[in-house]
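Participant: Got a sequence here, can you build the structure:
(chains A and B)
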Amino acid sequence: MMEELLDILEELHDDVDFETCTTLIDDKILDSFDIVTIVAEVNNEFDVIIPAAELTPENFNSAKALYALIERLEDE
Amino acid sequence: MLFTSYQFVIFVALLFVIYYRVNKEHQWIVLLLGSYLFYAYSGIFNLVYFLTTTVSTYFLSKHVQSLRTQQNDYIKEHKKEMGRDEKKAYRKKMKGKQWRTLLLALLFNFGVLGVVKYTNFMIGNYNGIMHLMGKSGTISFMDIALPMGISFYTFQSMGYMIDVYRGTVDAENNIFKLALFISFFPQVIQGPISRFKDLSETLFAEHDWNLKQITFGLERVLWGFCKKMIVADRILVAVNTIIHAPEQYDGFYVFLGMIFYAIELYADFTGGIDITIGLAQMFGVRLTENFDRPYFSKNIAEYWRRWHITMGTWFRDYVFYPLSVSPRMLKFSNWCRKKFPGNLGKRIPVYVSSFIVWFCTGLWHGASWNFIVWGLLNAAFITGSEEFKPLYKKFHTRFKVAGKWYYEGFQMLRTFLLMSSLRTLDCYRNVPLTFKMYGTMFTKFNIGEVLSTGIMKLGLSGADYMVVVIGVALMIGVSILKGKGDVRDQIEARSKVLKYVFIYVMAFAIIIFGAYGMGFDASQFIYNQF
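Facilitator: Below you'll find the predicted structure:
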């Protein structure tokens, strides 16, 4: 599942190392257009809806954090 | 009570003395009383709107909070006997109740804003349509005065309401503290639009006398007054001359007016925010920054991340995100992917959301088609530049210009001119006239006449232009210095005496070079009207 998530992210920015980067929002690598595109992709790929309240820098600063969010939402 | 009036200076001075004289645990009460006094000065009847927002927000946010507590307690109590699906269904039911309470708060408060701000706009449109259809019946305009700062405090309170619903913050138990959050006087008329989580940290805290913070605040207040009274109010005369007589001032005058207005708006709005943030700092309160050197932006999307930041993030967090990730939009997104394979299918829903948000942003700025068209044009340029991104990337790789100082300079100039062009919609009385006047820049070549004699007939003397040029140079200089950190820290690091020299120099500059002299006829801040 992590690989699929990395594919989604790399399709948006092929020049970013998403496996190691932990400042995707803080360094303004992802903007609001990217974030809503990711939400739609995640919904399409994993059938998980990420609510607006979860669109925070903490959840989107790294692929790992985003993955953890998806897992949490799947469990709920 | 204008920020640029004697009454305001006396009011702040008195409040400041009382604030640091009372028992520290009562400081926030002094701010509350001061804020209500300040607001009541704008018209005692305006307090009714203010209190309505405060009371409705307080009780409805408390209700949302109590529903959530009830939900959590119930699940905790029946943890063992409830299955996963049962818990999910119960949470959904309770979330529905919270949502309906939030909806009531939003409809009520935005309803009030809508009625006072947009009724006459709707009537005007209705009458126009009737006229076009050849029908004679028209509706008379309503006599409603727009309460001071209603767009700002409504947005701030509804942001808080949504945060409580989302569980980002707990509802405030003390109605008077909530009242202070909504009414805090430095920010109530032109923002920044604060979040409860950020502002409450320092707004309700006890503050010791801190000379460094107070002098830093004072420096910023004086710098704000310099921008407003020396630059903005001075150049305003030339802007008004140009835009109020379009039949006389066309061609290069329009370009000049556009640049002058960019200077005026920057000095006026950032100056007002400097005064606001500086005042708050003098009382020990930390407000969110609203600008980050916006005229250094290299593209329009970046510009909107650096100009009126708190409004942009408000629309992003409370309109753009919820709209874009709503089940309906996600369904539309899936439909687009099937219909338009490739990246376009992914981007269309984002663009649709973007246009809706910018329509709302335009409407927020004012009840007129000028602002709506301005908002939609912003959306068109932002989405357009998104589409051109691959092309830009190719261009940057091919010509290796990315990061080069001259190319970055070009990008900044391009963004500045583009944003200034869009802002001409603020200036002229309707959309067709704006486009017509904008068009004359390319059809009437009167640059020689304007620069040789015309420029001196716009209401400003040579000395005035000199003051503006020096003011602009100083604003650019300070912006460049800001790139290395807080300018006040840089001054303090050099010498503590220098700080006081700057305070005296700025105070005298305002008295000597202030456009009309303090309190005579200083004009209202542009963003007060929103």
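
Participant: three-state assignment of the residue most central in space within chain A?
Facilitator: For chain A, the residue nearest the mean C-alpha position is A:Leu66 (4.6 Å; Cα atoms, centre = their mean). What DSSP: H, G, I helix; E, B strand; the rest coil gives for A:Leu66 is helix.

Participant: Identify the residues contacting it.
Facilitator: A:Leu5, A:Ile38, A:Asn59, A:Phe60 (Cβ atoms under 8 Å, 6 or more residues apart in numbering or on different chains). Every C-beta, even on glycine, is put in place using the N, C-alpha and C of the backbone.

Participant: Swap in 10 Å and give it another go.
Facilitator: A:2, A:5, A:8-9, A:18, A:24, A:30, A:35, A:38, A:42, A:50, A:54, A:59-60 (Cβ atoms under 10 Å, 6 or more residues apart in numbering or on different chains).

Participant: For chain A, just list every one of the helices.
Facilitator: A:2-12, A:32-46, A:57-60, A:63-75 (DSSP state H).

Participant: residues from the stretch 51-200 of chain B in reach of chain A?
Facilitator: Applying Cβ under 10 Å from any Cβ of the partner chain, we find that the stretch 51-200 of chain B lies next to chain A at B:Arg84, B:Lys87, B:Lys88, B:Arg91, B:Ile162, B:Asp163, B:Tyr165, B:Arg166, B:Gly167, B:Thr168.

Participant: my guess is the fifth one meets B:Thr168, correct?
Facilitator: If I follow you right, that is B:Ile162. Yes: using Cβ atoms under 10 Å, B:Ile162 is in contact with B:Thr168, at 8.3 Å.

Participant: confidence score at B:Met518?
Facilitator: Looking at B:Met518, its pLDDT stands at 43.

Participant: what's the closest non-adjacent residue to B:Glu206?
Facilitator: B:Lys24 (3.7 Å; Cβ to Cβ, 6 or more residues apart in numbering or on different chains).

Participant: repeat for B:Leu323
Facilitator: B:Ser353 (4.9 Å).

Participant: Now the one helix or strand the one you found maps to: buried residues?
Facilitator: Secondary structure assignment for B:Ser353, by DSSP states H and E: helix B:343-365. Buried residues in helix B:343-365, counted by 16 or more other Cβ atoms under 10 Å in any protein chain shown: B:345-365.

Participant: Which one's more surrounded, B:Ile162 and B:Thr168?
Facilitator: Neighbour totals were compared for B:Ile162 and B:Thr168, and B:Ile162 leads with 22 against 16 (other Cβ atoms under 10 Å in any protein chain shown).

Participant: Contacts for the helix or strand harbouring B:Ile10 next, please.
Facilitator: Element membership for B:Ile10 (DSSP H and E) is helix B:6-21. The contact list for helix B:6-21 (Cβ under 10 Å, 6+ apart) reads B:1-3, B:5, B:26-28, B:30-31, B:33-35, B:37-38, B:41, B:185-186, B:207-210, B:214, B:217, B:221, B:225, B:275, B:279, B:282-284, B:518-520.

Participant: Who are the packing partners of the helix or strand containing B:Ile263?
Facilitator: Using DSSP H and E, B:Ile263 sits within helix B:252-282. Here helix B:252-282 touches helix B:6-21, helix B:196-203, helix B:211-225, helix B:233-244, helix B:405-427, helix B:431-443, helix B:447-452, helix B:462-482, going by 3 or more Cβ pairs under 10 Å, 6 or more residues apart in numbering or on different chains; DSSP states H and E.

Participant: Quick one: closest of those helices to B:Tyr266.
Facilitator: helix B:462-482 (7.3 Å; Cβ to Cβ).

Participant: Report the mean per-residue pLDDT for that closest one.
Facilitator: Mean predicted confidence for helix B:462-482 is 94.

Participant: Could you do stretch B:264-284 as well?
Facilitator: For stretch B:264-284, the mean confidence score works out to 95.

Participant: And stretch B:99-112, by the same measure?
Facilitator: pLDDT averaged over stretch B:99-112 gives 96.

Participant: Give me the residues contacting that stretch.
Facilitator: B:49, B:52-53, B:56-57, B:59-67, B:114, B:117, B:147, B:150, B:153-155, B:157-158, B:160-162, B:164-166, B:318.

Participant: ok, the residue nearest to B:Thr138 when sequence neighbours are not counted - contacts?
Facilitator: Counting by Cβ to Cβ, 6+ apart, B:Asn127 is the residue found nearest to B:Thr138 once chain neighbours are left out, at 4.4 Å. Applying Cβ under 10 Å, 6+ apart to B:Asn127 gives the contacts B:Lys135, B:Gly137, B:Thr138, B:Ile139, B:Ser140, B:Phe141.

Participant: want to try TSV for these, with pLDDT, secondary structure and neighbour count as columns?
Facilitator: What follows is the contacts of B:Asn127, written out as TSV (pLDDT from 0 to 100; DSSP: H, G, I helix; E, B strand; the rest coil; neighbours: other Cβ atoms under 10 Å in any protein chain shown):
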residue	pLDDT	secondary structure	neighbour count
B:Lys135	81	coil	10
B:Gly137	69	coil	7
B:Thr138	77	coil	13
B:Ile139	84	coil	13
B:Ser140	84	coil	8
B:Phe141	83	coil	12
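
Participant: From B:Phe252, how far off is B:Ser452?
Facilitator: Relative to B:Phe252, B:Ser452 is positioned 11 Å away (Cβ to Cβ, to the nearest Å).

Participant: got the buried residues for the host helix or strand of B:Asn378?
Facilitator: Using DSSP H and E, B:Asn378 falls within helix B:369-387. Applying a neighbour-count criterion of 16+ other Cβ under 10 Å, the buried positions in helix B:369-387 are B:369-375, B:377-379, B:381-383, B:385-386.

Participant: Looking at those, which gets the smallest pLDDT?
Facilitator: B:Glu386 (88).

Participant: burial count for A:Ala40?
Facilitator: Residues near A:Ala40, counting by other Cβ under 10 Å: 24.

Participant: what about it, distance to B:Leu377?
Facilitator: For A:Ala40 relative to B:Leu377 (Cβ to Cβ), the value is 26 Å.

Participant: what does chain A put close to chain B?
Facilitator: Counting by Cβ under 10 Å from any Cβ, chain A sits next to chain B at A:11-12, A:15, A:28, A:31-44, A:49-56, A:75-76.

Participant: quick revisit: could you pull out the residues contacting both of B:Ile162 and B:Thr168?
Facilitator: Contacts common to B:Ile162 and B:Thr168, judged by Cβ under 10 Å, 6+ apart, are A:Ala53, B:Asp317.

Participant: circling back: put together a markdown table for the helices of chain A, with mean pLDDT on each row.
Facilitator: Shown next, in a markdown table, are these (pLDDT from 0 to 100):
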| stretch | mean pLDDT |
| --- | --- |
| helix A:2-12 | 89 |
| helix A:32-46 | 90 |
| helix A:57-60 | 94 |
| helix A:63-75 | 91 |
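
Participant: list the contacts for B:Lys346?
Facilitator: A:Glu11, A:Leu12, A:Val36, A:Thr37, A:Ala40, A:Glu41, A:Asn44, B:Ser333, B:Cys336, B:Arg337, B:Phe340 are the contacts of B:Lys346 under Cβ under 10 Å, 6+ apart.

Participant: Now do the contacts for the first one.
Facilitator: Translated: A:Glu11. A:Thr37, A:Ile38, A:Glu41, B:Asn343, B:Lys346.

Participant: and the first one, how far is that from A:Glu10?
Facilitator: The span separating A:Thr37 from A:Glu10 equals 13 Å under the rule Cβ to Cβ.

Participant: Those two: which is more packed in?
Facilitator: Neighbours per residue (other Cβ under 10 Å) separate A:Thr37 from A:Glu10, with A:Thr37 holding more: 22 against 15.

Participant: ok, that one touching A:Ile8?
Facilitator: Yes: counting by Cβ under 10 Å, A:Ile8 is a contact partner of A:Thr37 at 8.6 Å.
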